[in-house]
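> A structural model of the following input is requested.
(chains A and B)
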Amino acid sequence: MKEIILYADATFDLKVRVGDKIEQGDEVGISADSGDVLLSPVKGTIEKISFNPEDHTFIIRIIEE
Amino acid sequence: MNKITRNVFFQFFLTLTLICLFLTSVVFSEKESCDYSSFSSSNSSTPFPLIKGSKVKNIIFCIGDGMGISQVAVSRINAVGLDEKLYMERMPITGIARTHSANNLITDSAAAGTALATGQKTNNGVIAMSPDGKNKYLTILEASKNKGMATGLVATSTITHATPASFASHVGSRKGEDDIAIQLLENKVNVLLGGGKQFFIPQSAQGSKRKDNRDLIAEAKAAGYAFVETNDDLKSAQEPFLLGLFQLDSLKTDPPEPTLAELTDKAIETLSKNKKGFFLMVEGSQIDWACHENKLDNTIKQTILFDEAVGKAIDFALKDKHTLVIVTADHETGGLTIKGGDLNGKSLDVNWSTKGHSGTPVPLYAFGPNAKEFAGVYDNTDIPKTMARLLKIKSFPQTLE
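As a prediction, the model looks like this:
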């Protein structure tokens, strides 16, 4: 199992929750500011979403299937 | 009913019971147990009095980052009791503030901090500048300083984080914390207390996050600041300029660090020596971070730590009679709602609708002379405008060339 880490600014509207199954290309989040969409590069499961206050970012950990 | 039928029924009900138990554990998985009643919380529900007939000389502006009405409610229920009140809830005047930024219904702390500091809207991510990053906005702290008042910033984040930065620096991106550190010192803010030593030490020093070799602590000392990094040093400092950085990064909000209440108390002690008055901003920075992680126990802890600091501000204002204390939030975080729980608040059943910020308006609490000016529903930019009017500061808000 490969672990994939995605980073998104905390102003992103996250479209996933821990435990969600996602396909490659699914929306992980949308930037509230720019409208940029963060897509999952792999098929897998959202294992953890944590917050890094220093960078004001979400850290999204995906376990690839 | 024969024996086989009874066995089938027994197995069916056993399976059903197990499914129900499993579903209960899932459905109520967000129910959390926590107890912060041992903190030095407010122990009364008696409202603080209205202060009449005196003018505003000092302002203490307390900002709970991410603190919506639900964050206040869960903290009250858990820490002081369902029918009691936190310090901020005992303040006699309440209001509601809208929080949107110039480019988004959902603000971030940079744009919200800018609104609360300058009376003007900007885009998310921008600190005290116009949305295009071309013009600086005068802040209420800078305007107070121009009037001869002493000024201070206290936070549990790095002191260069978005909210404190919005009051005494001007940058196009909140991420420029090393530049913000320079500007906070150039602005000669009398009291700077919080975390973030990593942005004040030279690149060559261990743990530094600077991109140059400037030693801002040495520069601050040369400019007349006392530098402290322990609680004991903080208590003994007597200088009118005080730089206290208690962690490389943000504060841990645990001993042996000074608490936000102790930092606030020291800031007030230092600033109140100025005969022309003072402006102090105090931020409970980590309410937001707890809510970003949807952690109820830490949300309550951080809100109570913030409320203890509010208590210190009110203690001073009650004696002084010329100090206006304003408590509000830059935005709500987490979309927190209370779904149920015990009446004693030791077990709360909550729902988080997001891991980000929400667009829910935030509460405002006011105490001191002219506090009634803050009753009602208004935009967050109206808050510093009213402060400026009460301090008789002209030309505010103001865009600088």
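
> Could you check how far whichever residue of chain A sits closest to chain B is from residue B:189?
The nearest approach of chain A to chain B comes at residue A:51, 3.9 Å away (CB to the nearest CB). (Glycine included, C-beta is placed from N, CA and C.) With distances taken as CB to CB, to the nearest Å, residue A:51 is found 28 Å from residue B:189.

> In chain A, what helix or strand scores lowest on average pLDDT?
Every helix and strand of chain A was ranked by mean pLDDT, DSSP states H and E. The lowest is strand A:12-14, at a mean of 87.

> partners of it in the sheet?
strand A:27-31 (antiparallel) (DSSP bridges).

> Now the element after the partner strand, going C-ward?
Sequence-wise, the next helix or strand downstream of strand A:27-31 (DSSP states H and E) is strand A:37-39.

> What is that next one packed up against?
If you count contacts as 3 or more CB pairs under 8 Å, 6 or more residues apart in numbering or on different chains; DSSP states H and E, strand A:37-39 packs onto strand A:27-31.

> List the buried residues of the strand it packs on.
The neighbour-count check on strand A:27-31 (16 or more other CB atoms under 10 Å in any protein chain shown) flags A:28, A:29, A:30, A:31 as buried.

> Around chain B, pick out the residues from chain A.
A:10-14, A:32-33, A:49-51, A:53-56, A:58 (CB under 8 Å from any CB of the partner chain).

> that older thread, confirm for me that the residue of chain A closest to chain B is in contact with residue B:291.
No. Using CB atoms under 8 Å, residue A:51 makes no contact with residue B:291, being 9.1 Å away.

> quick one, which of these two is more surrounded?
Higher neighbour count among residue A:51 and residue B:291: residue B:291, with 32 against 21, using other CB atoms under 10 Å in any protein chain shown.

> Show me where the stretch 151-300 of chain B has its helices.
Ranges of helices in the stretch 151-300 of chain B, per DSSP state H, counting those that start in this stretch, are B:162-168, B:177-186, B:216-222, B:231-236, B:260-271, B:286-292, B:296-320.

> Of those, which is nearest chain A?
Of all the helices of the stretch 151-300 of chain B, it is helix B:286-292 that lies closest to chain A, at 3.9 Å by CB to the nearest CB.

> Any residue of the closest one touching chain A?
Yes. Judged by CB under 8 Å from any CB, helix B:286-292 comes into contact with chain A through B:286, B:288, B:289, B:292.

> Just give me how far that helix sits from the chain centre.
10 Å (CA atoms, centre = their mean, to the nearest Å).

> what does it contact?
A:10, A:51, A:53, A:58, B:64-67, B:71, B:109, B:156-157, B:250-251, B:253, B:298-299, B:301-303, B:306, B:329, B:332-334, B:336, B:352, B:355-356 (CB atoms under 8 Å, 6 or more residues apart in numbering or on different chains).

> re the thing from before, let me see the contact set for the residue of chain A closest to chain B.
Here residue A:51 is in contact with A:10, A:57, A:58, A:59, B:289, B:292, B:293, B:355 (CB under 8 Å, 6+ apart).

> if we can go back for a sec, would you mind telling me which of the helices of the stretch 151-300 of chain B is nearest residue A:3?
Evaluated over the helices of the stretch 151-300 of chain B, closeness to residue A:3 peaks at helix B:286-292, with 21.6 Å, by CB to CB.

> pLDDT (mean, whole number) over the closest one?
Throughout helix B:286-292, pLDDT has a mean value of 96.

> just stretch B:103-111 next, same as before
The model assigns stretch B:103-111 a mean pLDDT of 93.

> for stretch B:390-401, same thing?
Mean predicted confidence for stretch B:390-401 is 94.

> Quick check on the residues of chain A next to chain B: which are buried?
Buried among the residues of chain A next to chain B (16+ other CB under 10 Å): A:10, A:11, A:12, A:14, A:32, A:33, A:49, A:51, A:53, A:56, A:58.

> Can you tell me which residues in chain B are near chain A?
Taking CB under 8 Å from any CB as the measure of proximity, chain B contacts chain A at B:103-106, B:108-109, B:123-125, B:157-158, B:162, B:174-175, B:249-250, B:285-286, B:288-289, B:292-293, B:354-357.

> still on that earlier bit, JSON lines for the helices of the stretch 151-300 of chain B, including distance to residue A:64?
Written out in JSON lines, the entries for those read as follows (distance: least, CB to CB, whole Å):
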{"stretch": "helix B:162-168", "distance to residue A:64": "34"}
{"stretch": "helix B:177-186", "distance to residue A:64": "34"}
{"stretch": "helix B:216-222", "distance to residue A:64": "44"}
{"stretch": "helix B:231-236", "distance to residue A:64": "47"}
{"stretch": "helix B:260-271", "distance to residue A:64": "42"}
{"stretch": "helix B:286-292", "distance to residue A:64": "25"}
{"stretch": "helix B:296-320", "distance to residue A:64": "31"}
